[in-house]
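Visitor: turn this into a structure:
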Amino acid sequence: MIPINYYIILSAILFTIGVTGVLIHRNALIIFMSIELMLNASNLAIVAFSSAIKSFSGQIFVFL
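Guide: Coordinates of the predicted model:
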């Protein structure tokens with residue numbers, strides 16, 4: 001079993017890459033891809049915390 005800390009660190013790294021992409025680039029397509037990366041990072045954090053507390057509500061929220 002992988003500890004929750006690894007998921008949160010990965011989520012923080014992905015979110016940081018997304019913020020950097022939004023702030024640096026001027027191309028609209030790259031900005032939208034960076035926003036998508038930030039949303040995926042937050043979804044990863046929600047699923048990790050939901051799995052840690054043994055609840056399916058976070059996973060259902062991410063799915064919807």
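
Visitor: Leu23: neighbouring residues, count only.
Guide: Leu23: 9 surrounding residues under other C-beta atoms under 10 Å. C-beta here means a position set from N, CA and C on the backbone, and glycine is covered the same way.

Visitor: what mean pLDDT would you report for the helix or strand containing Thr16?
Guide: Element membership for Thr16, per DSSP states H and E: helix 4-24. The predicted model gives helix 4-24 an average pLDDT of 96.

Visitor: if I look at Val62, how far off is Ile46?
Guide: 5 Å (C-beta to C-beta, to the nearest Å).

Visitor: name the single longest helix found in this protein.
Guide: For the chain, the longest helix by residue count, based on DSSP state H, is helix 28-52.

Visitor: still on that earlier bit, gap between the helix holding Thr16 and the chain center?
Guide: Once both centres are worked out by C-alpha atoms, centre = their mean, to the nearest Å, helix 4-24 turns out to sit 7 Å from its chain's centre.

Visitor: likewise stretch 16-32?
Guide: Worked out by C-alpha atoms, centre = their mean, stretch 16-32 lies 15 Å from the chain centre.

Visitor: list the contacts of Thr20.
Guide: Thr20 is in contact with Ser34, counting by C-beta atoms under 8 Å, 6 or more residues apart in numbering.

Visitor: separation between it and Ile13?
Guide: 11 Å.
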